[in-house]
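Student: Coordinates only, no sequence provided:
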């Protein structure tokens with residue numbers, strides 16, 4: 001169960017997703033849920049096995065998801081992360097996501113009301129207090145590949 005926007009959601013329920021495999025073993029997952037009308041998509045969960053991080057798996061999962069979502073005529077995708085999640089924020093920005101809202105103290109409120117198990121200290125020893133909502137248009141799908149070439153999506 002993930003807490004965001006003041007509510008608990010099951011990030012595996014009712015949506016779609018992709019699994020990344022290396023040598024037939026799962027090493028990463030991304031899930032999403034098309035919102036009513038299909039114009040916007042919430043990226044609900046992204047996870048890469050700790051031993052597999054730094055190998056481009058998260059980026060590959062996002063790129064595959066973006067291609068599928070653009071082909072389904074979704075207009076934009078959005079996600080929520082926390083202020084401590086610096087490496088993920090860098091990836092999201094590199095993929096074209098921009099911060100559209102900062103909810104100061106949102107994690108403190110969630111911790112107090114619906115999910116007390118959220119730790120105070122998160123990634124890299126940074127205290128978790130705020131939610132960042134990020135959004136990316138899908139109609140202009142374009143990614144920069146690792147070798148510097150550009151690939152245009154649908």
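Tutor: Everything's here; your move. The shown structure was predicted, so the numbers you read here are calculated from the model rather than taken from an experiment.
Student: Where does residue 88 sit: helix, strand or coil?
Tutor: At residue 88, secondary structure determined by DSSP: H, G, I helix; E, B strand; the rest coil is helix.
Student: thought it was touching residue 46?
Tutor: Yes. With contact taken as CB atoms under 8 Å, residue 88 and residue 46 are classed as touching, separated by 7.4 Å. Heads up, the C-betas are built off the backbone N, CA and C, glycines and all.
Student: tell me, what's touching the two both at once?
Tutor: residue 58 (CB atoms under 8 Å, 6 or more residues apart in numbering).
Student: Just the strands from this structure, written as ranges.
Tutor: Using DSSP state E, the strands found in the chain span residues 2-4, 7-9, 16-22, 25-34, 40-48, 76-82, 98-103, 131-137, 142-144, 150-152.
Student: can you count the residues close to residue 133?
Tutor: Here the number of neighbours of residue 133 (other CB atoms under 10 Å) works out to 18.
Student: got the contact list for it?
Tutor: 5, 78-80, 99-103.
Student: Just among the residues you listed, which is most surrounded?
Tutor: residue 79 (21 neighbours).
Student: I'd like the distance between that residue and residue 50.
Tutor: Distance, residue 79 to residue 50, using CB to CB, to the nearest Å: 20 Å.
Student: Give me the longest helix you can find in the chain.
Tutor: Across the chain, the longest stretch assigned as helix under DSSP state H is helix 57-71.
Student: Mind listing the residues bridging to the closest residue in space to residue 5 that isn't next to it in sequence?
Tutor: Across the structure, with CB to CB, 6 or more residues apart in numbering as the measure, the residue nearest residue 5 apart from its sequence neighbours is residue 80 (6.4 Å). Bridge pairing for residue 80 (DSSP bridges) gives the partners residue 133.
Student: Good, we can wrap up now.
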